[in-house]
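J.: need a structure here:
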Amino acid sequence: MKIVKPFISSIAKEFWSHIHHSNDPPCDINGAVNLILPVDIVSLSELTLSRIENWLKGRGVELTVNIDDRTLHGFILSYRGRGFIFINGTDSEEERRYTVAHEASHFILDYQIPREKAIQKLRLYDDQLYAITKVRGLYRRNIVDEFSEWQYLGFEDTVSDWRYAHGVYDVYINTENPTSIMIAVYEADSLNSSILVSQDNGVTWLSSDSGMVYEREDSLYQGSVGEITGVGNIIYGTGSDGIYVTYDFGVSWHLLIYYDSISYWGLKVHPYNDHILWVIFMGVWGDSNISKSSDGGLSWEGLPESFASLYQFADDIALHPLDEQIVYVSVPSNVYKTEDFGETWVQILSGDSLGYSFSLISIDEKQPNHLVVMGRENINFHPIQETFDGGVSWIKIDYPYDYLIYSHPLVDPNNEALYLPTEGGVLKYLYNVNLNEGE
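T.: Residues are numbered from 1 along each chain as shown. Predicted coordinates:
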């Protein structure tokens, strides 16, 4: 008799409860995975690591697996909440079904569930640190008072449906009135995100997304966003259906860009010029690109075609707070810098020389030449590089690698500290001093 942990058994039962299928085997596992999970199944004959690399390369994705090439039954590749399951098309039908079930289980148990439970994002305003944890809700702590504790502001997911991770996705604090707070949240009874606003420092909340209604092909649609950022009362929101803006802290919204097959993320607004925007958008095949705007999103332009190979599949953008011309972009293999608003680029950090790729960039608003870049060697190892001279020289930050980091390190220039959001809590690193746990 094989013993199965109750937790795994409950996840399996929940998975199949959403599928109308016969109880008689064999079950249509491919159809179930395609319907339930954000995963595509790719069948390649005589599956090997090199064949997977070539398949991805043919679609513009460079992936190097630093292990010996060999024949495989299956392979799972996950990125930004989505994934591919590669199966060996030469295997028998029974073997292929088992492979899909096996790899889908890895996606759910080892990637999707831990990712949703981890701290997703940190925001800082003065001495208040906000931790966005999605399914665990929104928390806040005074980082100056060493005896302070985390304050729970609400929105924990009580549904526990791993298919739809409810909870908080982002938070924005009005720099002109810090008691005004906005959050993007997936509430338990909804499959779309909502915008909620508090005018009393998080005590009470009111809906503020009634203006996200747009007309398309003679029908009205309710839009939603999962990422919000801005300056003062001007806030921009990005989502799967486009980019929105509000000029009155959520009283009314306007749709700037609509596209139903593109996801937008990484929107950055210049802290001292809210007309300057940079954004990353992702197409159907996961290929990403960059657009910029100098008029608050009314018009957009891409980067020069001659540099297309540099910023394809971009991960993150960082804007120099004092010089609008200087922008940093991370792509899987390198980090680039422009000093002429994106017309020309130079490489300032190479993944090939270090043996790993890059993902997220954070910049110090008081010392703009101080940047922190998070690397990505594998799912359990995220090396961090730091520069104090705008990328001329770099040093590696050491931290306890048993913590998984899923989002941006946050630079706190006032206290010369770096906060790392992990699945186990917040780690605090003091510049060139040490790393402290317990936040």
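
J.: residues touching the closest residue to V144 other than its chain neighbours, list them.
T.: Nearest residue to V144 in three dimensions, chain neighbours excluded: D127, at 4.3 Å (C-beta to C-beta, 6 or more residues apart in numbering). C-beta: built from backbone N, CA, C; applies to glycine. By C-beta atoms under 8 Å, 6 or more residues apart in numbering, the contact list for D127 reads 142-145, 414.

J.: Which among those residues count as buried?
T.: Burial by neighbour count, 16 or more other C-beta atoms under 10 Å: within these this picks out I143.

J.: Dump the contacts of D127 to JSON lines, plus secondary structure and distance to S359.
T.: Shown next, in JSON lines, are the contacts of D127 (DSSP: H, G, I helix; E, B strand; the rest coil; distance: C-beta to C-beta, whole Å):
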{"residue": "N142", "secondary structure": "strand", "distance to S359": "30"}
{"residue": "I143", "secondary structure": "coil", "distance to S359": "25"}
{"residue": "V144", "secondary structure": "coil", "distance to S359": "30"}
{"residue": "D145", "secondary structure": "coil", "distance to S359": "32"}
{"residue": "N414", "secondary structure": "coil", "distance to S359": "26"}
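
J.: could the contacts of D127 be laid out in TSV, adding distance to G230?
T.: Shown next, in TSV, are the contacts of D127 (distance: C-beta to C-beta, whole Å):
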residue	distance to G230
N142	24
I143	23
V144	25
D145	28
N414	21
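
J.: So which of the contacts of D127 is the closest to S105?
T.: The shortest gap between S105 and any of these belongs to I143, at 39.1 Å (C-beta to C-beta).

J.: Tell me the bridge partners for the nearest residue to the closest one once chain neighbours are set aside.
T.: Leaving aside its chain neighbours, I143 sits nearest to L129 (4.9 Å; criterion: C-beta to C-beta, 6+ apart). Taking DSSP bridges as the rule, L129 bridges to L124, R141.

J.: contacting residues for L129?
T.: Contacts of L129 by C-beta under 8 Å, 6+ apart are 122-123, 140-143, 410, 419, 426.

J.: Of all the strand elements in the chain, which one is longest?
T.: Identified as the longest strand of the chain according to DSSP state E is strand 273-282.

J.: centre of the chain versus the following helix or strand past it, how much separation?
T.: Once strand 273-282 ends, the next helix or strand along the chain (criterion: DSSP states H and E) is strand 288-293. Relative to the centre of its chain, strand 288-293 is centred 16 Å away, using C-alpha atoms, centre = their mean, to the nearest Å.

J.: Number the residues from 3 up from this point.
T.: Yes, from this point I'll number from 3; that puts the last item at strand 290-295.

J.: tell me the angle of strand 290-295 relative to strand 275-284?
T.: Interaxial angle, strand 290-295 versus strand 275-284 (axes from the mean of the first three to the mean of the last three C-alpha atoms, to 10 degrees): 160 degrees.

J.: Tell me which strands the next helix-or-strand element following strand 290-295 pairs with, and in which orientation.
T.: Using DSSP H and E, the helix or strand that follows strand 290-295 in sequence is strand 303-304. Take DSSP bridges as the rule and strand 303-304 pairs in its sheet with strand 290-295 (antiparallel).

J.: Let me know the average pLDDT across the partner strand.
T.: Taken as a whole, strand 290-295 carries a mean pLDDT of 83.

J.: Now K15: phi and psi?
T.: Here is the backbone geometry of K15 (degrees, to the nearest 10): phi -60, psi -40.

J.: measure it to Y100 for me?
T.: Applying C-beta to C-beta, to the nearest Å, the value for K15 to Y100 is 19 Å.

J.: Looking at these two, which one has more neighbours?
T.: Neighbour tally, K15 and Y100, criterion other C-beta atoms under 10 Å: the higher count belongs to Y100, 16 against 9.
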